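**Student:** Below are the sequence and a predicted model; questions follow.
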Amino acid sequence: MAGRIEDYALIGDMQTAALVCRDGTVDWLCLPRFDSHAIFAGLLGTEEHGFWRLGPAHAADAEPPTAARRSYRGDSLILESEWDTPRGTVRVTDFMPPRDGAPQLIRIVEGVSGRVPMRSALRMRFSYGRVVPWVHKHEGRTVAVAGPDSVWFDTEAETYGKSLTTYADFTIAPGERIAFTISWEPSHKQPPPLPEPEQSLEATEDFWRDWVEHCTYHGPYREAVVRSLITLKALTYAPTGGIVAAPTTSLPEEIGGVRNWDYRYTWLRDAAITLSSLLRTGYREEARAWREWLLRAVAGDPENLQIMYGIAGERELGEAELDWLPGYENSGPVRVGNGAAHQLQLDVYGEVTEALHLAHMTGLARNDYASLLQLKLIRYLEDHWDEPDEGIWEVRGPRRHFVHSKVMAWVAVDRTIKLIESGDADGPLEKWRELRDDIHRDVCERGYDKERNTFTQSYGSKELDASLLLIPQMGFLPPDDKRVIGTIEAIQRELSTSDGFILRYPTDGEAAGVDGLPGDEGAFLACSFWMADDLAMIGRVDEARKLFEKLLALRNDLGLLAEEWDPRLKRQVGNFPQAFSHVPLIDTALRLTASGAYGG
């Protein structure tokens, strides 16, 4: 059985990522890209679907021992796990070196004290656990082949095969180091080069140290901010600049429920807000790369902007269910692809325009096509802003006039007007100023409930929606406007969990609610960070700080967050780690630091 979501560590090479459990088991790895088929899919099934366990030997009928300690090595993505056993202490170092060639996962076992019996158990299953590869020896190396894929296993330890699994049993003494490496290569090509684990470890540590040195944030929450930035960097597909929402698929938003989605793609919304956080903390190169990715992805058809694309800009992300996988803790179905790719979500136009605006304001070198794209997006909104859409949360129910979507359409127009006013673009200034006023008036008249003094989820509805918390953050209304304060307080009353975290919107249990799905979900962590931001903006800074620090306490021991928090089970749920949780963590830290609202 897979571990709890928060039991996992992330390692990656900015092209793909692996999840390593506390007991030393890699339960998830897709090769060679984030969105490739998994060779270890035990996370969504059983050990029969692929895993790699490396740790102290244990009895066959006993649970694998969990590490007594684990941490990342400094500000890096190098994981160090230590076990204390009756025979001594052992350390395992796991990492994936940033690469131009074959992807590698390297695991180095080091004796700390005593003599510790160890075991490596490697069970590769291609195509998300469905295909058993042909495993054989080639010039002294172990290789697993199936269809287009080959995975090469290299170690100095003696290995043997049993029950379609490759084992290595050995004893480690103080000062000894034994490395294990898997490398992927297309099966029709020559074998990948022999790995050089120690040199790769040194190069990987140097890479992360150099990258973190560019961070311009030095406030009281630096540890949390830097770990979140490293996580966002790890979710960036280096060859193209695309940013995945998470490296996993189908980790459930409700244990045992059906709200299971594939997040291994680039949502324009998530990527745009990630770009904003990177820009505000000194990372212009990532911002430039993402802008170039965006221009390639939407080239030739900006009027039909998709809400998400593949990490290289692919448009077709057809959704399918993998019926041979039971799902994480039997939370089925397991989905790959994402059918929401072709939804209409008007807010995306605002998020993209806001990101381009921020890039322009922070001095990123001008790109004429980026300005042209921005103008094209507004011309589309001129004719479509007043249509119903699926909204920020990708509801699979009927389209509605979501208030957040209208607010973000206003943001798109407002930021483009500013671009024209700065002299860096040409456009019908007066016409678009009128459009901006029209959208603003429409939202305030049709999306506001005067009796309850709150904006609502959609025109004519009574439901609330945590995305309304972005109204003051986007500058649609000032923080001290009574309608803003009323909305914040209404969301606190109606969408707060018992421990003070924020739900996205009401759900109806077994009945299909506004999103067209049965079941419930946890508190959405991004929305909870947004609440902390808003509280700080309206002067309730002590309350904002306390909420922020409660949210920081939800991180696992390595500083990682999933998408949601289950207030009933007291555990993380949803895909992991989630960019949409780590970005607002950074933003809230910056806001609280600027306001001086932090503890001693």
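**Tutor:** Here it is on my side, so go on.

**Student:** Chain neighbours aside, what residue packs nearest to T25?
**Tutor:** Residue nearest to T25 in three dimensions, not counting chain neighbours: R53, with 4.3 Å by Cβ to Cβ, 6 or more residues apart in numbering. All C-beta atoms are positioned from the backbone trio N, CA, C, and that covers glycine.

**Student:** part of a helix, is the one you found?
**Tutor:** No. Under DSSP: H, G, I helix; E, B strand; the rest coil, R53 falls outside any helix and is assigned strand.

**Student:** Could you measure from it over to E82?
**Tutor:** Using Cβ to Cβ, to the nearest Å, R53 is found at 16 Å from E82.

**Student:** what about these two, which has more around it?
**Tutor:** Legend: neighbour count by other Cβ atoms under 10 Å for R53 and E82, higher for R53 (20 against 15).

**Student:** From G539, how far off is that one?
**Tutor:** Separation of R53 from G539 (Cβ to Cβ): 52 Å.

**Student:** Might one say that I5 is in contact with P577?
**Tutor:** No. I5 is not in contact with P577 according to Cβ atoms under 8 Å; the separation is 9.4 Å.

**Student:** that older thread, right, and the residue nearest to T25 touches S120 too?
**Tutor:** Yes. Between R53 and S120 there is a contact at 7.3 Å, judged by Cβ under 8 Å.

**Student:** For the stretch 201-350 of the chain, just list every one of the helices.
**Tutor:** Residue ranges of the helices in the stretch 201-350 of the chain, as given by DSSP state H, counting those that start in this stretch, are 222-234, 268-280, 284-298, 347-361.

**Student:** To clarify, my last question referred to the chain.
**Tutor:** Assigned by DSSP state H, the helices in the chain fall at 126-129, 197-212, 222-234, 268-280, 284-298, 347-361, 368-384, 403-421, 429-446, 470-473, 482-494, 525-537, 541-552, 579-595.

**Student:** could you dump those helices to TSV with mean neighbour count, mean pLDDT and distance to R504?
**Tutor:** Output for those, formatted as TSV (neighbours: other Cβ atoms under 10 Å; pLDDT from 0 to 100; distance: least, Cβ to Cβ, whole Å):
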stretch	mean neighbour count	mean pLDDT	distance to R504
helix 126-129	23	97	29
helix 197-212	16	98	32
helix 222-234	21	97	21
helix 268-280	24	88	14
helix 284-298	20	89	25
helix 347-361	23	89	14
helix 368-384	17	90	24
helix 403-421	24	96	11
helix 429-446	15	98	19
helix 470-473	21	97	12
helix 482-494	18	97	10
helix 525-537	25	97	6
helix 541-552	19	97	15
helix 579-595	23	95	11
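
**Student:** ok, back up a step: so what sits against both of I5 and P577?
**Tutor:** Residues touching both I5 and P577 by Cβ atoms under 8 Å, 6 or more residues apart in numbering: A562.

**Student:** So which of these two has more stuff around it?
**Tutor:** Comparing I5 with P577 by other Cβ under 10 Å, the one with more neighbours is P577, at 31 against 28.

**Student:** how much space is there between that one and V583?
**Tutor:** Distance from P577 to V583, by Cβ to Cβ: 11 Å.

**Student:** before we move on, back to that, which residues are in contact with the residue nearest to T25?
**Tutor:** 23-26, 64, 119-121.

**Student:** And H360, by the same measure?
**Tutor:** Residues in contact with H360, defined by Cβ under 8 Å, 6+ apart, are 366, 419, 422, 424.

**Student:** Surely the first one and G423 touch.
**Tutor:** Spelled out, it's R366. No. Assessed by Cβ under 8 Å, R366 is found out of contact with G423, at 11.3 Å.

**Student:** These two: which has the busier surroundings?
**Tutor:** Set R366 next to G423 and count neighbours by other Cβ under 10 Å: R366 wins out with 10 against 7.

**Student:** ok, that one to D424 distance?
**Tutor:** R366 sits 7 Å away from D424, going by Cβ to Cβ.

**Student:** now swap in L275 and tell me
**Tutor:** Applying Cβ to Cβ, the value for L275 to D424 is 19 Å.

**Student:** gap between the two ends of stretch 61-70?
**Tutor:** 25 Å (Cα to Cα, to the nearest Å).

**Student:** With just CA atoms, put stretch 485-503 into PDB.
**Tutor:** Taking C-alpha atoms only, stretch 485-503 is exported to PDB below (Å, rounded to 0.1, in the frame of the first residue of the first chain):
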ATOM      1  CA  ILE A 485     -14.700  43.500   3.300                       C
ATOM      2  CA  GLY A 486     -18.200  42.000   3.200                       C
ATOM      3  CA  THR A 487     -17.100  39.300   0.800                       C
ATOM      4  CA  ILE A 488     -14.100  38.400   2.900                       C
ATOM      5  CA  GLU A 489     -16.200  38.100   6.000                       C
ATOM      6  CA  ALA A 490     -18.900  36.100   4.200                       C
ATOM      7  CA  ILE A 491     -16.300  33.600   2.900                       C
ATOM      8  CA  GLN A 492     -14.900  33.300   6.400                       C
ATOM      9  CA  ARG A 493     -18.400  32.400   7.700                       C
ATOM     10  CA  GLU A 494     -19.600  30.100   5.000                       C
ATOM     11  CA  LEU A 495     -16.500  28.500   3.400                       C
ATOM     12  CA  SER A 496     -14.300  28.000   6.400                       C
ATOM     13  CA  THR A 497     -13.500  24.600   7.800                       C
ATOM     14  CA  SER A 498     -13.500  23.900  11.600                       C
ATOM     15  CA  ASP A 499      -9.700  24.600  11.700                       C
ATOM     16  CA  GLY A 500     -10.000  27.900   9.800                       C
ATOM     17  CA  PHE A 501      -9.000  26.900   6.300                       C
ATOM     18  CA  ILE A 502     -11.000  27.800   3.200                       C
ATOM     19  CA  LEU A 503     -13.000  25.600   0.800                       C
END
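
**Student:** any residues touching that stretch, and which ones?
**Tutor:** 452-455, 464, 466, 468-469, 471, 479, 504-506, 521, 523-525, 527-528, 530-531, 534-535, 538, 547, 550-551, 565, 567.

**Student:** quick one on the thing from earlier: compare the helices of the stretch 201-350 of the chain and report which one is nearest to T240.
**Tutor:** The closest of the helices of the stretch 201-350 of the chain to T240 is helix 284-298. By Cβ to Cβ, the value is 5.2 Å.

**Student:** Off-centre distance for the closest one?
**Tutor:** Distance, stretch centre to chain centre, for helix 284-298: 18 Å (Cα atoms, centre = their mean, to the nearest Å).
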